[in-house]
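*Asks:* here you go, sequence then predicted model.
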Amino acid sequence: MGKRLLAMLLAVWMLLALSACGGKEEVPEEPVEGPVVEQPEHDPQPQPEPEPEPEPEVYVPAGTNPLTGVPMEPEFENDRPVAVMLNNLQDAMPQLGVSQADIIYEIPAEGGVTRMVGVFQSLEGVGNLGSIRSTRPYYLEVALGHDAILVHAGGSPDAYSNIPNWGVNNIDGVRGGPSQDVVFWRDADRRKNAGYEHSMLTSGENVLKYLEGGKYRTEHKDGYSYTQSYAEDGTPANGETVNGFKLYYTTYKTGVFEYDAEKKQYMISQYKKPYIDGNTGEQVGATNVLLLETDINRISGDKEGRLTVRMTGEGGGTYFCGGKSVPIRWSKADRNSQFIYTLEDGAPLTLGQGNSYICIMDPDNSSVEITG
């Protein structure tokens with residue numbers, strides 16, 4: 001019985017041990033159902049838009065061109081301008097360099113023709129100029145009024161007498177001597193096809209090189225200043241609309257001016273064609289056009305029919321800018337003084353920033369027709 005009991009106890013112990021080693025099988029818990037939450041679709045992190053490249057700053061010179069009111073390098077502000085005599089006969093077209101002039105003066109000469117004086121505050125970058133023609137006393141007065149150095153090829157007897165008497169600093173392609181001869185040359189094509197008298201040229205570079213020699217001062221004297229004022233928009237207030245007009249100088253020469261609103265200039269034609277600068281092939285235009293009325297008479301006894309033109313005192317005129325016009329008054333105290341422009345009520349005339357085209361005419365011999 002003792003062995004049997006021992007065997008039974010051993011068997012029971014073994015069963016208990018096996019139960020303890022196997023353990024109970026765990027039953028997984030049922031998931032608790034709840035509201036279904038939609039998971040948002042995964043969006044990639046938005047990338048910032050690239051910043052645009054900054055616009056390069058437009059360089060604006062710190063100085064101001066006293067002849068146009070337009071910015072220019074300060075080193076040129078106080079320079080003496082250069083006034084260039086330009087041939088305007090039909091056979092001598094096209095002129096060269098005229099579109100780069102800050103001011104163009106057109107004045108009648110003998111025989112019903114006109115000549116231009118192109119006034120340049122700076123000749124830097126200006127190419128060929130011409131053709132160059134002879135001067136007269138009233139063209140000298142244009143140069144003196146700007147304290148300018150005159151470039152010309154010959155002159156009337158009165159002009160040659162006045163040049164030293166009036167103290168005109170000049171560069172002459174006819175009687176200037178060897179030092180000035182090198183400034184000019186005869187263009188072979190013009191000489192062959194237009195004639196010897198229409199063939200003389202110079203260049204901005206040649207004139208500047210000559211002036212480096214120091215014969216003439218190249219800056220205004222201390223205290224010199226221009227009185228003319230400018231505005232970004234020089235369109236005259238309460239002006240009459242004028243989109244086009246013709247100036248009948250003589251039976252030989254008519255100037256045609258048509259306003260281009262996009263360019264904000266009066267585009268110029270003559271001899272029934274656009275007035276072209278032969279350097280650029282482009283039509284010449286002007287921001288400001290001024291017609292100045294004065295007395296122009298033939299010199300008594302002059303075989304060539306040369307003229308006297310009153311350039312001092314005062315007179316009437318018309319100012320055109322921005323497609324409008326107003327009557328004006330002009331005055332010039334003496335041959336060395338600047339032109340002063342006023343409105344009829346005496347208020348100073350403000351020009352538009354840009355170049356000017358100034359026609360000096362006698363209303364008894366010339367007429368104006370408004371065309372648009």
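*Replies:* That came through, no problem.
*Asks:* how many neighbours does residue 174 have?
*Replies:* Counted with other C-beta atoms under 10 Å, the burial measure for residue 174 works out to 15 neighbours. (Each C-beta comes from the backbone N, C-alpha and C, glycine too.)
*Asks:* surely it is in contact with residue 154?
*Replies:* Yes - in terms of C-beta atoms under 8 Å, residue 174 counts as a neighbour of residue 154; the distance is 3.9 Å.
*Asks:* what touches both of these two?
*Replies:* Overlap between the contact sets of residue 174 and residue 154, as judged by C-beta atoms under 8 Å, 6 or more residues apart in numbering, is given by residue 134.
*Asks:* so what's the residue lying closest to residue 128 once chain neighbours are set aside up against?
*Replies:* With C-beta to C-beta, 6 or more residues apart in numbering as the criterion, residue 128 has its nearest non-adjacent residue at 4.5 Å, and that residue is residue 96. Contact analysis of residue 96 by C-beta under 8 Å, 6+ apart lists 127-131, 201, 277-279.
*Asks:* just the buried ones from those?
*Replies:* Among the contacts of residue 96, those that count as buried by neighbour count (16 or more other C-beta atoms under 10 Å) are 128-131, 201, 277-279.
*Asks:* now do the strands in the stretch 51-200 of the chain.
*Replies:* With strands called from DSSP state E, counting those that start in this stretch, the stretch 51-200 of the chain shows them at 63-64, 71-72, 82-86, 103-108, 114-120, 128-130, 149-152, 170-172, 185-186, 200-203.
*Asks:* ok, now which ones touch residue 147?
*Replies:* Under the criterion of C-beta under 8 Å, 6+ apart, the contact list for residue 147 reads 80-81, 220-221, 224, 336.
*Asks:* give me the neighbour count for the spatially closest residue to residue 340 that is not a sequence neighbour.
*Replies:* In space, and not counting its chain neighbours, residue 340 is closest to residue 331: 4.8 Å by C-beta to C-beta, 6+ apart. For residue 331, the tally of surrounding residues (other C-beta under 10 Å) stands at 14.
*Asks:* quick one: pLDDT of residue 331?
*Replies:* Residue 331 is assigned a pLDDT of 98 by the prediction.
*Asks:* what kind of secondary structure is it in?
*Replies:* Going by DSSP: H, G, I helix; E, B strand; the rest coil, the secondary structure assigned to residue 331 is strand.
*Asks:* buried subset of the contacts of residue 147 as a ChimeraX selection?
*Replies:* Buried residues within the contacts of residue 147, as defined by 16+ other C-beta under 10 Å, are selected in ChimeraX through the command that follows:
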select :80,81,220
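*Asks:* closest to residue 245 among the contacts of residue 147?
*Replies:* The closest of the contacts of residue 147 to residue 245 turns out to be residue 81 (C-beta to C-beta; 27.9 Å).
*Asks:* ok, the residue nearest to that closest one when sequence neighbours are not counted to residue 52 distance?
*Replies:* Computed as C-beta to C-beta, 6+ apart, the closest residue to residue 81 that is not its neighbour in sequence is residue 148, at 4.3 Å. Residue 148 is 47 Å from residue 52, where distance means C-beta to C-beta, to the nearest Å.
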